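1. curious how this folds, go ahead:
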Amino acid sequence: MSRYREVLAVPGMAVLLAVSLLARVAITAVVMALTLYVVLRLGLSYAAAGGVAAALTAGLALGGPLLGRLLDRRGVRAVLLVTVVAQVVFWLSVPVLPYAVLLGAAAVAGLLMVPAQSVTRQAIAAMTTVTQRRAAFALESVQGELSYMVGPAVVVLCAAQTSPGAVAWGVGAAIVAGGAGIAWLDPPLRTPDESAAGADGPPRRQWLGAGMIAVLTMAFGATTLLSGVDIAIVATLRAAGQVPWAAVVVAVSGLASVCGGLLYGAWSRPLPTWLLLGLLGLLTLPAGLARDWRWLCVAAVGAGLLTAPTLTTMADAMSRLAPVGVRGEATGLLSTALSAGFALGSPLAGLAIDHAEPGAGFAASGLAALAAALAGFLLSRRKAPRKVDGPRERRRPALR
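-> So this is what the prediction gives:
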């Protein structure tokens, strides 16, 4: 674990990861909080709640590259000030908005969501050396897994003890606190050499080449798999009359992913993203043979061990491929690809389940990941474009 001690010893890194974790846990809980609010407080259907979730997701997908471009041009504090204010207005107004207005407001809130993940990834690229970066991105991927494990679960538990409106306010307060904390830290998005050079972003056609498209395609495939697997787990356990055990299977998968991410970050040799994604897809296919929660847990361990490593390599590859002046926009595009995969995965697996059996959901998800891995492999074999970014990093800047 010496690699992780070295990363956490970088001035400002530990506190940045801690504050970012608060924001990301709250952001992952937003959909659950709004779902419970629409169903329990407004008394509407789950379909209506799904409409709000879809509006929020669409806003997130569109906002990723937009906020990333603003980060490139305006810096951390200016962007976070705008997004924090937008979140304050949205969450304070939620209890008084009728459903039709809430739909539009959710889309705007997604568009102006606090870019905690994007800022953290860019700061990692700026604050670490090349040898430290994989371990740092592994910690960031583990942070994401913990967010998805903790955020929705906390919302459900709190909603059972208090009111959905209070829970919604609590989620909003946590997002605002996390965003304000990152703004106060003001982490660097460029190394001193890059800042001194004043590197401007090259035209999009110069940096959005085959390598970048390969990373975006594989990111889309990875989250398509993850979203589809969640639906397939519920469908399989529903057929077996074991739905309450779904939480155990998801927890096992999350813990396996955390372990896999930590092991991969400490490993001395990186693996190509297409290989990790392909193996993840292959290991997902046998889960379709499981008929109860015990065998699903076994299958979840195998696939879970590769989840965080796969996401780690994507973030690492994006930091290397993106020129300095457009690193925020590129990271935003990665977030959009991930959001799009999450949005497609559930209906894709659901369609397979409806036309076959619960196990078909795992098959559809695994095959989608394999297709994305193959596309990424073919694209990555194309000749790389001429390097267009600024000077190489030599030092690790502390937080300003």
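2. counting by contacts, list what the helix or strand hosting residue 131 packs against.
-> Element membership of residue 131, judged by DSSP states H and E, is helix 130-161. Helix 130-161 makes packing contacts with helix 2-8, helix 13-28, helix 30-36, helix 116-127, helix 164-185, helix 246-266, helix 293-321 when contacts are defined by 3 or more C-beta pairs under 8 Å, 6 or more residues apart in numbering; DSSP states H and E. Every residue, glycine included, has its C-beta placed from N, CA and C.
3. just put those in TSV and tack on distance to residue 71.
-> TSV is the format used below for those (distance: least, C-beta to C-beta, whole Å):
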stretch	distance to residue 71
helix 2-8	22
helix 13-28	14
helix 30-36	21
helix 116-127	7
helix 164-185	11
helix 246-266	25
helix 293-321	14
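4. sorry, back to before: direction-wise, compare the helix holding residue 131 with helix 13-28 and give the angle.
-> Taking axes from the mean of the first three to the mean of the last three C-alpha atoms, to 10 degrees, helix 130-161 and helix 13-28 form an angle of 40 degrees between their directions.
5. how much does helix 130-161 deviate in direction from helix 293-321?
-> Going by the same axes, to 10 degrees, helix 130-161 makes 130 degrees with helix 293-321.
6. could you check the angle helix 116-127 makes with helix 130-161?
-> Using the same axes, to 10 degrees: helix 130-161 against helix 116-127 is 160 degrees.
7. show me what counts as buried in helix 130-161.
-> 132-152, 154-156, 158-159 (16 or more other C-beta atoms under 10 Å).
8. from the chain's centroid, how far away is stretch 132-147?
-> Put simply, stretch 132-147 sits 11 Å off its chain's centre (C-alpha atoms, centre = their mean, to the nearest Å).
9. check what contacts that stretch and list those residues.
-> By C-beta atoms under 8 Å, 6 or more residues apart in numbering, the list of residues contacting stretch 132-147 from outside reads 3-4, 6-8, 10, 13, 17, 20-21, 24-25, 27-28, 117, 120-121, 124-125, 127-128, 254, 257-258, 261-262, 264-266, 270, 307-309, 311-312, 315-316, 319, 396.
10. ok, now with 7 Å
-> 3-4, 6-7, 17, 20-21, 24-25, 28, 120-121, 124-125, 128, 254, 257-258, 261-262, 264-266, 270, 308, 311-312, 315-316, 319 (C-beta atoms under 7 Å, 6 or more residues apart in numbering).
11. what does stretch 266-273 give?
-> With contacts defined as C-beta under 7 Å, 6+ apart, stretch 266-273 is touched by 1, 3-4, 134-135, 215, 218, 310, 313-314, 317, 376.
12. weed out the non-buried ones from those.
-> Buried members of the contacts of stretch 266-273, counted by 16+ other C-beta under 10 Å: 3-4, 134-135, 215, 218, 310, 313-314, 317, 376.
13. report the two of these separated the most.
-> Largest separation among the buried ones among the contacts of stretch 266-273 by C-beta to C-beta: 4 and 376, giving 27.7 Å.
14. tell me the first helix or strand C-terminal of the least confident helix or strand in the chain by mean pLDDT.
-> Every helix and strand in the chain was compared by mean pLDDT, DSSP states H and E; the lowest is helix 192-197, with a mean of 61. Per DSSP H and E, the first helix or strand lying C-terminal to helix 192-197 is helix 204-207.
15. list the buried residues for that following helix?
-> residue 207.
16. mind exporting that helix as CSV, just the C-alpha atoms?
-> Output in CSV follows, covering the C-alpha atoms of helix 204-207 (Å, rounded to 0.1, in the frame of the first residue of the first chain):
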residue,chain,number,x,y,z
ARG,A,204,-11.8,19.8,-31.2
ARG,A,205,-10.9,18.0,-34.4
GLN,A,206,-7.3,17.7,-33.3
TRP,A,207,-7.8,16.0,-30.0
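17. and after it, which helix or strand comes next?
-> Heading C-terminal from helix 204-207, the first helix or strand you meet, by DSSP H and E, is helix 210-239.
18. buried stuff in that next one?
-> Buried residues in helix 210-239, counted by 16+ other C-beta under 10 Å: 211-237.
19. the residue nearest to residue 257 when sequence neighbours are not counted: neighbour count?
-> Distance criterion C-beta to C-beta, 6 or more residues apart in numbering; nearest residue to residue 257, sequence neighbours excluded, is residue 307 at 4.0 Å. Number of residues near residue 307 (other C-beta atoms under 10 Å) recorded here: 28.
20. please apply the same query to residue 41.
-> Residues lying near residue 41 (other C-beta under 10 Å) number 17.
21. for residue 291, the count of nearby residues, please.
-> For residue 291, the count of nearby residues is 15 (other C-beta under 10 Å).
22. which residues touch it?
-> Going by C-beta under 7 Å, 6+ apart, residue 291 touches residue 240.
23. measure it to residue 356 for me?
-> From residue 291 over to residue 356 the distance is 15 Å, taken as C-beta to C-beta, to the nearest Å.
24. can you check residue 319 too?
-> Look at residue 319 and residue 356: by C-beta to C-beta, they are 40 Å apart.
25. neighbour count: those two, which is higher?
-> Taking residue 319 and residue 356 together and counting by other C-beta under 10 Å, residue 319 has the greater number of neighbours (22 against 13).
26. per-residue pLDDT, the residue lying closest to that one once chain neighbours are set aside?
-> Using C-beta to C-beta, 6+ apart and skipping residues adjacent in sequence, the residue nearest residue 319 is residue 125, 3.9 Å away. Note on residue 125: pLDDT of 85.
27. for the spatially closest residue to residue 236 that is not a sequence neighbour, what are its contacts?
-> Closest residue in space to residue 236, ignoring its immediate chain neighbours: residue 358 at 4.1 Å, by C-beta to C-beta, 6+ apart. By C-beta under 7 Å, 6+ apart, the contact list for residue 358 reads 232, 235-236, 239.
28. same question, residue 287
-> 296, 299, 303, 362.
29. check the residues you listed and tell me the two furthest apart.
-> Greatest spacing in the contacts of residue 287, by C-beta to C-beta: 296 and 303 (10.5 Å).
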